[in-house]
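In: Curious how this folds, go ahead:
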Amino acid sequence: MTYLMPPRVPHSVELPPRRATHAGSTQVLVIGGGPAGIGAALGAASAGAQVVLVERYGFLGGNATAALVMPLMSFHNEVKQAVVGDSARLLPPDHGEGEPVVGGVLWVLLEQLVRARAAIRPSIETGYTVPFDAELFKLVLYELLETHEVRTLLHAFASDVQMLPDRARAVFETKSGPVVIDADVIVDCTGDGDIAAAAGAAYDLGRPEDGWTQPMTLMFRMVRFDHEEFASYARAHPDQWKGVHGLWDLVRAATDAGELDLPREDILFFATPNPGEIAVNSTRVTEVLGTSVWDLTRAEFTAHRQMAQIARFLRDRVPGFAESYVVQSGVQVGVRETRRIVGEYQLTGDDVLSARTFGDAIARGAYPVDIHNPSGRGTTLRRLPRGESYDIPLRCLFPRDVDRVLVAGRCISGDHVAHSSYRVMPISMATGQAAGVCAALAAAQGKRPQDIAVNAVQRELRSQGASLRGPFAG
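Out: Numbering: from 1, shown residues only. Purely as a prediction, here's the structure:
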């Protein structure tokens, strides 16, 4: 193999002390500029806090832009049964009419994306997903942060956190050397719970029986795709294409011929707002951990080889792809699941599937349980009861036994099953907004986030347009 393997015998060495540039202080420090981080930054700024957002890449958007995870998945409950229309439209045909259960900053973003012609508004025609243009997505996020006066630092990787008597100090690795920023409260939107874990928070990894997480996927975009030619094939072979996935017979033939070697049985791709373009979600790398540099390296090699196989398969065997080619792959392989920080409450799969409500709810979700097999083929999909949604309690954002740090996005406190629903980007934005609001209130009042009254957080969230139901908690 050409990639570096982990040492057979672990061995550590001492590094010399070093000095860092102190970049100042802020009330709320958001680490990670993906959907959760954008939600947290805008939520905290709208609540009146001074906010700094720090992102590891040279652009914002997280999985939406770095990993090309598109479209935004549905954030609507399903009030009416889906009526499958054109199965070749390349958007999910199985999600019926419903109401949005996520509001607030998500809709601020969506309205801006639509105005910039960077996204298509969710509707029954889109399967209530939101197809978007990843490059324009980045520009819209810059504009939103500027409008909300969020100071931003890019190209800075968070490597450590120090808990001081009256604040927290985050350490970042940059081309200018180490940089530190102090904050009254930090919101960890790294996706992997890096900061909470560095602060000493306990966490879970993967499914309980073996610790394996959902597989990684390198997404990529292909252009010069002939949708009409493909649609003709799909309509002539209705058993071979189900809206966004299928081609089972062609995959089997290519596999038998030695042209494909994938740990999945079908091909999955989505339309984008741009004619002649599709987003392919078909690579799958199993039994790798996103918190391991060794596994991430192996996953990149494996996924890029799979991408080459899939692109060749599509060109050679699938109608509509004869002139197509890969125009872009993700900056990094897409990671679905890593650490789930142990919080004051752990959301469970039963909570999700029973549409449980909570008095300290700060966000809602209606996306199905969606577990890509961590160790092989197949995907488990289980829907909520028709027209229902579940609540996410504020307690899921509080790492147990850690002060001055909140978590948001896919690393909040939940089990493996619940995580497979709340990990999607619209819900991540909602938990981010809630964490940002709670952090802003804590900074303003000089309190721990855990000591902020739930009804104060809910009241501010409602004023920002968040979707919460029922009366405020007492």
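In: Just confirm residue 204 contacts residue 337, I think it does.
Out: No. With contact defined as C-beta atoms under 8 Å, residue 204 does not reach residue 337; the gap is 10.2 Å. Every C-beta, even on glycine, is put in place using the N, C-alpha and C of the backbone.
In: which residues are in contact with both of these two?
Out: residue 416 (C-beta atoms under 8 Å, 6 or more residues apart in numbering).
In: Measure how buried the closest residue to residue 246 other than its chain neighbours is and give me the count.
Out: Using C-beta to C-beta, 6 or more residues apart in numbering and skipping residues adjacent in sequence, the residue nearest residue 246 is residue 240, 5.2 Å away. Other residues lying near residue 240 total 16 when counted by other C-beta atoms under 10 Å.
In: do residue 134 as well
Out: 22.
In: Residue 389 is in contact with residue 367, isn't it?
Out: No. Judged on C-beta under 8 Å, residue 389 makes no contact with residue 367 at a distance of 9.4 Å.
In: More neighbours: which of residue 204 and residue 337?
Out: residue 337 (26 against 17).
In: That one contacts residue 424, correct?
Out: No. Residue 337 is beyond contact range of residue 424, at 11.9 Å (criterion: C-beta under 8 Å).
In: distance of the residue nearest to residue 246 from residue 233?
Out: Noted for residue 240: a distance of 8 Å to residue 233, by C-beta to C-beta, to the nearest Å.
In: now do residue 36
Out: In terms of C-beta to C-beta, residue 36 sits 39 Å off from residue 233.
In: who's more crowded, these two?
Out: Taking other C-beta under 10 Å, residue 36 and residue 233 do not tie; residue 36 has more neighbours (33 against 17).
In: Leaving out chain neighbours, which residue sits closest to the more buried one?
Out: residue 409 (3.0 Å).
In: Show the pLDDT at that neighbour.
Out: Residue 409 carries a pLDDT value of 98.
In: so it sits right up against residue 430, yeah?
Out: No. Using C-beta under 8 Å, residue 409 makes no contact with residue 430, being 9.8 Å away.
In: so who does the residue nearest to residue 246 touch?
Out: 233, 234, 246, 247, 248, 249, 250 are the contacts of residue 240 under C-beta under 8 Å, 6+ apart.
In: next one: phi and psi at the last one?
Out: Dihedral angles phi and psi of residue 250 (degrees, to the nearest 10) take the values phi -70, psi -40.
In: Okay, the closest residue to it other than its chain neighbours and residue 235: tell me how far apart.
Out: The shortest distance from residue 250 to any non-neighbouring residue, by C-beta to C-beta, 6+ apart, is to residue 317 (5.1 Å). Noted for residue 317: a distance of 18 Å to residue 235, by C-beta to C-beta.
In: What is the neighbour count of residue 313?
Out: Neighbours around residue 313, by other C-beta under 10 Å: 23.
In: How about the contacts made by the residue nearest to residue 250?
Out: By C-beta under 8 Å, 6+ apart, the contact set of residue 317 is 250, 253, 254.
In: quick one: it from residue 36, how far?
Out: Relative to residue 36, and taking C-beta to C-beta, residue 317 is found at 39 Å.
In: same check, this time on residue 129
Out: For residue 129 relative to residue 36 (C-beta to C-beta), the value is 19 Å.
In: and what of residue 267?
Out: Taking C-beta to C-beta, one finds residue 267 at 29 Å from residue 36.
In: buried sites along the lengthiest helix in the chain?
Out: What stands out as the longest helix in the chain, according to DSSP state H, is helix 293-317. Using 16 or more other C-beta atoms under 10 Å as the test for burial, helix 293-317 gives 295-300, 302-303, 306-307, 309-311, 313-314, 317.
In: hang on, residue 214 packs against residue 334?
Out: No. Using C-beta under 8 Å, residue 214 is not in contact with residue 334, being 10.3 Å away.
In: between the two, who's got more neighbours?
Out: For residue 214 versus residue 334, neighbours defined as other C-beta under 10 Å are more numerous around residue 214 (24 against 21).
In: Return the residues in contact with the more buried one.
Out: Shown in contact with residue 214 (C-beta under 8 Å, 6+ apart): 336, 337, 371, 372, 374, 420.
In: what's the distance between the spatially most central residue of the chain and residue 236?
Out: For the chain, the residue nearest the mean C-alpha position is residue 425 (4.3 Å; C-alpha atoms, centre = their mean). Relative to residue 236, residue 425 is positioned 35 Å away (criterion: C-beta to C-beta).
In: got the end-to-end distance for stretch 221-233?
Out: By C-alpha to C-alpha, to the nearest Å, the extent of stretch 221-233 from end to end equals 21 Å.
In: how far is that stretch from where the chain is centred?
Out: 28 Å (C-alpha atoms, centre = their mean, to the nearest Å).
In: before we move on, what about stretch 264-283?
Out: The answer for stretch 264-283 is 18 Å, by C-alpha atoms, centre = their mean.
In: Give the buried residues for it.
Out: 264-273, 277-283.
In: Which of the residues you listed fall within strands?
Out: Among these, DSSP state E puts 267, 268, 269, 270, 271, 277, 278, 279, 280 in strands.
In: right, and out of the residues you listed, which lies closest to residue 465?
Out: When those are compared for distance to residue 465 (C-beta to C-beta), residue 270 comes out closest, at 27.5 Å.
In: tell me the pLDDT at that closest one?
Out: For residue 270, pLDDT reads 96.
In: What residue, apart from its backbone neighbours, is nearest it spatially?
Out: residue 279 (4.9 Å).
In: What's the separation between the one you found and residue 244?
Out: Residue 279 is 10 Å from residue 244, by C-beta to C-beta.
In: before we move on, what about residue 149?
Out: 39 Å.
In: So if I had to pick from those two, which one is more boxed in?
Out: The neighbour count for residue 149 versus residue 244, taken as other C-beta under 10 Å, is higher for residue 244 (23 against 9).
In: Understood, closing this out.
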